Each structure stands twice: as C-alpha cells, then as structure tokens.
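In: Prediction below, plus the sequence it came from.
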Amino acid sequence: MDAALYLDRKRARLEKALDNYLSGEDSPLFEAMRYAVLGGGKRFRPLLLLAGGEQFGADEELLLPYACAVEFIHNYSLIHDDLPLMDDDDFRRGQPSCHKKFGQALALLAGDGLLTLAFEILAAAPAPKNDHLVKTRVAAEIAAAAGPRGMVAGQWLDINFGPDNHDPVAYKEMASRKTAGLIRVSATSGARLAGAPEAALQSLDSYGLYLGLAFQLRDDLQDLAQDRSSGKAFRPNLARILGLPAALELLETWLGQAARSLAGADLDSDLLTFFITQLQPARFEEKS
Ligand code: GRG
C-alpha cells in the first residue's frame, strides 16, 4: 500500500486513541489538555513508532498506547515551551497557545497532566508476548529521552544558548537532546516491542537521530525564512549560524545519513523512507 495513504489511516486511528485517553473527565484541566493535543499536529513521532513496529509485524493494538504516550509527552513539551518564561509564543498550530487560551497556571498544569498521563498509559500498556522486560525497557527509554538527560536537558541548553554562541557543535548537542531524542526513541520503540533484532534497532536508532537533527534544522530554516520577511534579528539557530546554502547542504547530509542507516540494514521500505522525504528541503530551495 502507498505509504502516505497507509499513514493517513494510521493517523485517523491515532486521533481516536488520543481522544479516548482524554475523554470522560469534564474539567477545565482536561479541556486545556484536549485543546492542546487535539487541535492538529502532524503526529510525526507516534506515526514513526507505529511504522517501526509495523516493519517488524507488531499489532496496532500493542503499539497504540506507546504511540499515544510519546505524543502526549511531545504536546506537554510544546505547552511548556510556549509559556512566557520559556519561548513565549502566543500561537501554536495556528491557534492561540494553551496559556493564551486558558491562562498560565492551567497551561502549566495541562502540560504536567499530559506528561504524567503518558507514564500512566505506559504502565498500563500491554507487554509484547507478555514480555514485561521489553515493555519496561521501552518505557525506560522513552523516560530517558524525555527526562533530565534528554529533552529537559536540551531545553535548558537551548535557553542558555547565548546570542554570541555560533558553535555548531554545541548546537548539535542541544538539538540532539531537545528534539532528536524523542524522535529517536520513537524510531526504535515500535520495533523493539515487535521483537526486532539488536542490529536493526541500532540502525533505527541512527536513522532516528539523523531524522531528529534534520527535523530541528528544518524548523530553524523555517525561522530563517521568516527572518527574511520580517527583517528582524533573532537568537542564533543552526540555520542562522551557517547561512542558508550551508544549512541546506547539512540538511541534505543528515537526511542522507538517515537513509543510509536504513539501507545498511535493509530497512529502506517505502514506509520508513517516507519520514525522510517529509523533511526534504525543496521548499527552502525555492526561496533561496
Ligand atoms: C519544555 C521540557 C520542555 C521541552 C521543550 C521540543 C521542545 C522542548 C520545544 C519545542 C521547540 C521547537 C519549536 C522546536 C522545533 C522542533 C519542534 C519540536 C517543532 C514542533 O514539533 P512538530 O513540528 O509539531 O512535530 P506538531 O504541531 O506537528 O506536533
């Protein structure tokens, strides 16, 4: 089946599952959580988790709770990142950000609620073939990617990335924790639950890392494109540090490394390759 069509179907099931986890409670807190999660979003990470599992024949029923947990963690990070004391964004996905709609206290708690709910879901998730060691390992890897050695640490590095810091190595360290970590663990978790061999998991880990770095760089390129139209100067990001041509070249390099990670392990299916093509820089080249 066509990868795009297949993922559209998976996305529809995912939306239902996310909605179910957030249903049954009629409170301002749940309203804020539903607002933040159900108002769009590409669902890149949970779809990647489902695709990795699918590649090794896992059932959707097994994978969906893990996919939802990863998406809830991602949405918590966006709510908190948008708060005035962090990135201070008034809009998210074209709508007022959670704190603009519900106030800062409720937005903060909606983020806390989603993060905690993710681990409640993981604790209750089915174990593949009743193998609780695999389940625990996947939950621990997701926690590590999100936690104080992963995304939280990356956010702190980002906050402290000074306007004069033009060091691409420091930037890569920040991006690999802040953005790539959750994408990386999404690339491996479904496959680990499906019983994929260790060598394949290592290749998926490398694929996820380069996909994640490319994801952040693409976001930076989008910011750079907006700088040009607004004429304002902003905090450094890798695209701003390198300039458009070099940033585009690096994006291609990282996407190429993601593709090679797949091909080296014979995992270059249409489905897994689709996530790479989603990050291709064609749109930016038109503007340069
Ligand atoms: C608050 C602990 C904490 C962490 C926040 C991920 C993150 C860390 C902040 C987001 C900042 C940002 C805009 C990073 C660029 C890459 C990125 C994660 C973009 C948003 O993710 P998408 O494009 O969003 O997957 P959708 O709306 O599709 O879910």
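Out: Cool, got the structure.

In: Number of residues surrounding residue 66?
Out: Neighbour count for residue 66, taken as other CB atoms under 10 Å: 29. (Glycine included, C-beta is placed from N, CA and C.)

In: what's the answer for residue 176, then?
Out: Around residue 176 there are 20 residues (other CB under 10 Å).

In: any weak-confidence spans in the protein?
Out: 228-234, 282-288 (pLDDT under 70).

In: how does it look with 90?
Out: 1, 39, 160-171, 222-242, 281-288 (pLDDT under 90).

In: residues from it in reach of the ligand?
Out: 41-42, 44, 77-78, 80-81, 93, 151-152, 155, 178-179, 216, 219 (CB under 6 Å from any ligand atom).

In: Now with 5 Å, please.
Out: With CB under 5 Å from any ligand atom as the criterion, the chain meets the ligand at residues 41-42, 44, 77, 80-81, 93, 152, 155, 179, 219.

In: got the CA coordinates for the host helix or strand of residue 190 in CSV?
Out: Element membership for residue 190 (DSSP states H and E) is helix 181-193. In CSV, the C-alpha atoms belonging to helix 181-193 read as follows (Å, rounded to 0.1, in the frame of the first residue of the first chain):
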residue,chain,number,x,y,z
GLY,A,181,15.8,12.3,21.5
LEU,A,182,12.1,11.8,21.3
ILE,A,183,12.2,11.2,17.6
ARG,A,184,15.0,8.7,18.0
VAL,A,185,13.2,6.7,20.7
SER,A,186,10.0,6.8,18.5
ALA,A,187,12.0,5.2,15.7
THR,A,188,13.2,2.3,17.9
SER,A,189,10.3,1.7,20.4
GLY,A,190,7.8,0.1,18.0
ALA,A,191,10.4,-2.1,16.5
ARG,A,192,11.7,-3.2,20.0
LEU,A,193,8.2,-4.1,21.0
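
In: rewinding a little: what would the residues of the chain next to the ligand look like in JSON lines with neighbour count and secondary structure?
Out: JSON lines is the format used below for these (neighbours: other CB atoms under 10 Å; DSSP: H, G, I helix; E, B strand; the rest coil):
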{"residue": "41", "neighbour count": "19", "secondary structure": "coil"}
{"residue": "42", "neighbour count": "10", "secondary structure": "coil"}
{"residue": "44", "neighbour count": "19", "secondary structure": "helix"}
{"residue": "77", "neighbour count": "22", "secondary structure": "helix"}
{"residue": "80", "neighbour count": "22", "secondary structure": "helix"}
{"residue": "81", "neighbour count": "17", "secondary structure": "helix"}
{"residue": "93", "neighbour count": "11", "secondary structure": "coil"}
{"residue": "152", "neighbour count": "16", "secondary structure": "helix"}
{"residue": "155", "neighbour count": "19", "secondary structure": "helix"}
{"residue": "179", "neighbour count": "22", "secondary structure": "helix"}
{"residue": "219", "neighbour count": "16", "secondary structure": "helix"}
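
In: Out of the residues you listed, which is nearest to residue 134?
Out: For the residues of the chain next to the ligand, the residue nearest residue 134 by CB to CB is residue 44; the value is 23.9 Å.
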